[in-house]
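[1] Sequence and predicted structure below; questions after.
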Amino acid sequence: MRTGSPLLGARGITRRYGTVEALAPLDLSIARGERIALTGPNGAGKTTLLTMLAGVQAPSDGVLEWAGGAAAPVGWVPQRPALYPRLTTRENLRLFAGLEGSSDPGATADALIRRADLGEFADRRAGALSTGTLQRLNLAIALAGSPSLLLLDEPTGTLSPDQRVRLWGWLDDLVRTDDMALVFSTQSTDEAARNADRVLVLAHGRLLHDGPAEALDEAGFMALLGDAA
Amino acid sequence: MRALRAGRLLFAKDLRVLGRSQGLLAVLIGYPIVIAILLAIALSGGDRRPAIAFVNLDAGARTVQVGDDRLSVDDYASRLEDDVDLVRLTPQQAQDALADGRVSAVLTVPEGFITDLQSGLKPPVLQLATNPRSPIEAQAIERNLESAVFRLNQALATAYVKQVLNLVDLIQKGGTIGIFGRSGTLLGLQESDRNLRQVQRALIADGKPALAKKVAALRDYVTGVGGNLELAKPAAQAIASPIRLEVREGPPGREPLSALGIAGALVVGIGLVGVLLAAALLSAEREDHVLSRLGRGLTGAGTIIAQKALLAAIACTVVGYVLLGVVALSTSITIGRWLLWLPALLLAGLASGAFGLLVGALARETRTALLAGLMIALPLAVIALIPGNDIAYWASAVAGFGPAARVFQGLLVDPDITSSTYIGMGILAVVALVYGVAARVALGRRMHA
């Protein structure tokens, strides 16, 4: 397990939509360099938890406490590529770098193109990119703000097996070199076990398990879900 | 500062995306312009020149001899038709048509017109009654008629000069006279001189030198008159215009159809461009799944709404000026107050744009937003064109179209800009604000759902 200094703590965060409790009160701590997988069936609350950590929506209750007091930059990679298909790869990156407050969006975009190995596609419209390349661009956009915490919602859901391997290799490099924390959701226990240091199992908006990835196999996962039902 | 920077970046992005979406652009801007032009043609009856009622009250003397031509009132009218479209009506029909806005002015030939023209004693007068609700068009008609009357005056003056020169020739050489209604035979100065010379010789032969001397003085006078008449010929060329145009302002009536057509075209054009463009731009953000990314602190819903409302307002203003320019260049209608059109078009664009943004914030996808925008905006824009109906006005005011129509008609036809025009602009600002706030709330919920 790779862990560094504490980055973010969640204390009793909850999300309700009217009378429906999408996420029951949950405590969570995230450290730099840590890779955390959120897994569970559909409607478990994985995306809800990620969007609250990303700041897309606020918790109904509870607090998020950042180490040092000030919120660290967060990179958010939604499940479906969130970008402008009629803009080129470079234009998308330059735009989001500008929105992130980069003083030189052009240079930031060029750096991200190199880092995500998108040089071949830099001046191609995003709408014309293949699924794997598009997801790389989706991820590169999330890096435009030099995040300390990268949040990914089922990042490999639409990718082929070889594209998954390449993407995880690249994400591993990012975590190592940038000392960032990684939190991703997946419906695959295999993927969670292979690519995370820690796995959180959610079902029906409740946290069922929070422990080392190697401690949870398919049978244990199914047993947890059975108990929750 | 950050919001401004984000707004500027998204504004530039929208322009770039629009520039690369020719099909969408054709639908969003081309289609409303085509609809607006068709509507303007339909409401204006396709007129390229102002329609003027022509009333002939001079039923008596039908023709006058001018030079070698006989001129009647109808001939006179047909010469004016080179510049305006004359509709021959009775006095009552003409007044009704002016009040209803079916004609832009009434041109009356008063009783005794031909007699005055024939006598040459006083200049005949044409009477022009214009619509005070349409001062700009009235000015254009006055200019057209003054120009027509000037050309006709020149033609008449040439004929008169020719007649005067013939008369001078007659006085000098003698012959049969037929001018200004008079006829007879003239001896002529040359023949008079010959006769006087014979009388002078006879008196000398009869030994009456004193009388012969008096005849000699008379001959000198006749010769002198002949010489002076020769000098009068160039002066005759300088005869002034024999007809002048008297302009009177008629009773207030409805706006001419041409003004209604232009205002209608602007309302429909701007309304559809604003609603469809804004709705498409905002719903596209959702379709591209970027709202959650933007809402994560990169920018707020207010910035996105403001930026897209501004873009829609600018697009509407450009479309509005293009439509006005097309009208000014391709018809005889005069468009004025070009600077005052700027706030009017901007506010109308803001109002329809904000309405479109609300539609775009509520719709789930671009196609739905466009369809909903079209279905709501088109009937409201058409309702806004029903003149003098308060229910139609307030129904269409829901999307700002009613106030926009009144502001546009005010700028087109009011002699002076009245408070109702400024009130209309104020209502447009309020409509823009209300829909802008509503769209911001709806978008905020989408971004943080």
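    Perfect, thanks for sending it. Everything quoted here is computed from the prediction, not taken from an experiment.

[2] Near chain A, which residues of the stretch 151-300 of chain B are found?
    B:288-290, B:292-299 (Cβ under 8 Å from any Cβ of the partner chain). Quick note: C-beta positions are derived from backbone N, CA and C, even for glycine.

[3] what would these look like in a markdown table with pLDDT, distance to B:Ala354 and neighbour count?
    Output for those, formatted as a markdown table (pLDDT from 0 to 100; distance: Cβ to Cβ, whole Å; neighbours: other Cβ atoms under 10 Å in any protein chain shown):
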| residue | pLDDT | distance to B:Ala354 | neighbour count |
| --- | --- | --- | --- |
| B:Asp288 | 90 | 22 | 21 |
| B:His289 | 89 | 24 | 15 |
| B:Val290 | 91 | 21 | 23 |
| B:Ser292 | 85 | 23 | 22 |
| B:Arg293 | 88 | 24 | 27 |
| B:Leu294 | 90 | 19 | 22 |
| B:Gly295 | 85 | 20 | 24 |
| B:Arg296 | 83 | 25 | 23 |
| B:Gly297 | 82 | 25 | 18 |
| B:Leu298 | 87 | 23 | 22 |
| B:Thr299 | 89 | 18 | 21 |
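
[4] Find the pair from the residues you listed with maximum spatial separation.
    Spatially, the most separated pair among those is B:Asp288 and B:Gly297, at 18.5 Å (Cβ to Cβ).

[5] Strands of chain B, start to end?
    Using DSSP state E, the strands found in chain B span residues B:51-56, B:63-66, B:69-72, B:85-88, B:105-109, B:125-130, B:175-179, B:182-186, B:244-249.

[6] Hmm, A:Ile141 and A:Arg115 touching each other?
    No: assessed by Cβ atoms under 8 Å, A:Arg115 is found out of contact with A:Ile141, at 11.9 Å.

[7] Show me which of these two is the more surrounded one.
    A:Ile141 (29 against 16; other Cβ atoms under 10 Å in any protein chain shown).

[8] what's near enough to touch the more buried one?
    By Cβ atoms under 8 Å, 6 or more residues apart in numbering or on different chains, the contact set of A:Ile141 is A:82-83, A:92-93, A:96, A:112, B:293.

[9] For stretch A:70-89, buried residues please.
    Using 16 or more other Cβ atoms under 10 Å in any protein chain shown as the burial criterion, the residues of stretch A:70-89 that qualify are A:72-79, A:81-89.

[10] Could you list every helix and strand in contact with the longest helix along chain A?
    Ranked by number of residues, the top helix in chain A under DSSP state H is helix A:161-178. Judged by 3 or more Cβ pairs under 8 Å, 6 or more residues apart in numbering or on different chains; DSSP states H and E, the packing partners of helix A:161-178 are helix A:131-142, strand A:149-153, strand A:181-186, helix A:189-195.

[11] Show me where chain A has its strands.
    Using DSSP E, the strands of chain A run over residues A:6-17, A:20-31, A:35-39, A:61-66, A:74-77, A:149-153, A:181-186, A:198-203, A:206-212.

[12] and of these, who's closest to chain B?
    strand A:74-77 (5.1 Å; Cβ to the nearest Cβ).

[13] got JSON lines for the contacts of A:Ile141, with distance to B:Ile423 too?
    Below are the contacts of A:Ile141 laid out as JSON lines (distance: Cβ to Cβ, whole Å):
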{"residue": "A:Ala82", "distance to B:Ile423": "44"}
{"residue": "A:Leu83", "distance to B:Ile423": "45"}
{"residue": "A:Asn92", "distance to B:Ile423": "46"}
{"residue": "A:Leu93", "distance to B:Ile423": "49"}
{"residue": "A:Phe96", "distance to B:Ile423": "44"}
{"residue": "A:Leu112", "distance to B:Ile423": "53"}
{"residue": "B:Arg293", "distance to B:Ile423": "43"}
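
[14] wait, which of these is closest to B:Asn144?
    For the contacts of A:Ile141, the residue nearest B:Asn144 by Cβ to Cβ is A:Asn92; the value is 57.9 Å.

[15] who are the neighbours in contact with the residue nearest to the closest one when sequence neighbours are not counted?
    Counting by Cβ to Cβ, 6 or more residues apart in numbering or on different chains, A:Asn92 lies nearest to A:Leu83, which is 4.8 Å off, once chain neighbours are set aside. Residues near A:Leu83 by Cβ under 8 Å, 6+ apart: A:92, A:96, A:126, A:134, A:137-138, A:141, B:288, B:290.

[16] Pick out the most distant pair among the residues you listed.
    By the measure Cβ to Cβ, A:Phe96 and A:Leu134 form the most distant pair in those, at 14.5 Å.

[17] Between these two, point out the one with more neighbours.
    With neighbours defined as other Cβ under 10 Å, A:Phe96 and A:Leu134 compare such that A:Phe96 has more, 28 against 21.

[18] returning to what we had before: figure out which of the helices and strands packed on helix A:161-178 is closest to B:Thr418.
    Per Cβ to Cβ, nearest to B:Thr418 of the helices and strands packed on helix A:161-178: helix A:131-142, 53.5 Å.

[19] what's the pLDDT at the nearest residue to B:Gln307 once chain neighbours are set aside?
    Leaving aside its sequence neighbours, B:Gln307 sits nearest to B:Gly7 (Cβ to Cβ, 6+ apart; 4.2 Å). On pLDDT, B:Gly7 comes in at 94.

[20] Equivalent analysis for A:Thr156, please.
    Looking at A:Thr156, its pLDDT is 88.

[21] could you give the mean pLDDT of stretch B:395-407?
    84.

[22] roughly how far is that stretch from the heart of the chain?
    How far stretch B:395-407 lies from its chain's middle: 24 Å, per Cα atoms, centre = their mean, to the nearest Å.

[23] what comes up buried for it?
    B:395-397, B:399-407.

[24] Endpoints of that stretch, how far apart?
    Using Cα to Cα, to the nearest Å, the end-to-end distance of stretch B:395-407 comes to 16 Å.

[25] List the contacts of it.
    B:263-264, B:266-267, B:270-271, B:275, B:344, B:347-348, B:351-352, B:355, B:376-377, B:380-381, B:383-385, B:392-394, B:420-421, B:424-425, B:427-428, B:431-432.

[26] let's go with 6 Å and repeat that
    B:263, B:267, B:271, B:344, B:348, B:351-352, B:355, B:380-381, B:383-384, B:393, B:421, B:424-425, B:427-428, B:431 (Cβ atoms under 6 Å, 6 or more residues apart in numbering or on different chains).

[27] Helix or strand with the lowest mean pLDDT in the chain?
    Looking at chain A here, since you left the chain open. helix A:218-228 (a mean of 69; mean pLDDT, DSSP states H and E).

[28] I was thinking of chain B, sorry if that wasn't clear
    Using mean pLDDT, DSSP H and E, the weakest-scoring helix or strand in chain B turns out to be strand B:244-249, at a mean of 63.

[29] Which one of the contacts of A:Leu83 is nearest to A:Leu159?
    Ranked by distance to A:Leu159 (Cβ to Cβ), the contacts of A:Leu83 are led by A:Leu134 at 10.0 Å.

[30] correct me, but that closest one touches A:Arg80?
    No: using Cβ atoms under 6 Å, A:Leu134 makes no contact with A:Arg80, being 9.7 Å away.
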